[in-house]
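Student: Quick one: sequence plus predicted model below, questions after.
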Amino acid sequence: MSTSRISQPQQQPLPKDVADLAVLIAALPEEHRQSIEPVYQRVVDSTRRRQRILALVQEALSQLRLDMKYLLFDLEATRRERNRYKESLEGGNNENNGF
């Protein structure tokens, strides 16, 4: 009896339905399995590629959220500095007008 070329999950586990399909394909007679395995392998490759893309998108969103927090913090700090500077200018003008 020959072994199946269907690869098992290496990094992230495959969805249960894809893994179940691998078990069913492995149980098929050799002549049927040979015709189905290339198609199954393309499905596995596509699934893994989508998983990698999803992980990259999630990581990018997390980084974007963090960057937004830093930008909002910087914006608030800049506004506070501007307001203090305006107050100091207005306070200086009021003192000069009082003489």
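Tutor: Structure received.

Student: Centroid-nearest residue for the chain?
Tutor: For the chain, the residue lying nearest the average C-alpha position, counting by CA atoms, centre = their mean, turns out to be residue 58 (1.8 Å).

Student: In what element of secondary structure is that residue found?
Tutor: helix 30-97 (DSSP states H and E).

Student: And the residue nearest to the centre of the chain, how far from residue 33?
Tutor: For residue 58, the distance to residue 33 equals 35 Å [CB to CB, to the nearest Å]. Just so you know, the C-beta spots here come from the backbone N, C-alpha and C atoms, and that holds for glycine as well.

Student: do residue 86 as well
Tutor: Using CB to CB, one gets 77 Å for the distance from residue 86 to residue 33.

Student: do the same with residue 20
Tutor: Here residue 20 is placed at a distance of 15 Å from residue 33 (CB to CB).

Student: More neighbours: which of these two?
Tutor: residue 33 (17 against 11; other CB atoms under 10 Å).

Student: Would you mind confirming that that one is in contact with residue 23?
Tutor: No. Using CB atoms under 8 Å as the test, residue 33 is too far from residue 23 to be in contact (11.9 Å).

Student: shaky segments in the protein?
Tutor: Screening the chain residue by residue with the criterion pLDDT under 70, one finds the ranges 1-10, 94-99.

Student: for residue 18, what are its contacts?
Tutor: For residue 18, the residues meeting the contact criterion (CB atoms under 8 Å, 6 or more residues apart in numbering) are 43, 44, 47.

Student: Swap in 6 Å and give it another go.
Tutor: By CB atoms under 6 Å, 6 or more residues apart in numbering, residue 18 lies in contact with residue 47.

Student: Numbering from 646 from now on, please.
Tutor: Got it, first residue is 646 now, which makes that one residue 663.

Student: check which helix or strand covers it.
Tutor: Under the assignment given by DSSP H and E, the secondary-structure element containing residue 663 is helix 661-671.

Student: Tell me what angle that helix forms with helix 675-742.
Tutor: For helix 661-671 and helix 675-742, the angle between their directions (axes from the mean of the first three to the mean of the last three CA atoms, to 10 degrees) works out to 160 degrees.

Student: ok so, going back, for the helix holding residue 703, name the packing helices and strands.
Tutor: If contacts are counted by 3 or more CB pairs under 6 Å, 6 or more residues apart in numbering; DSSP states H and E, helix 675-742 sits against helix 661-671.
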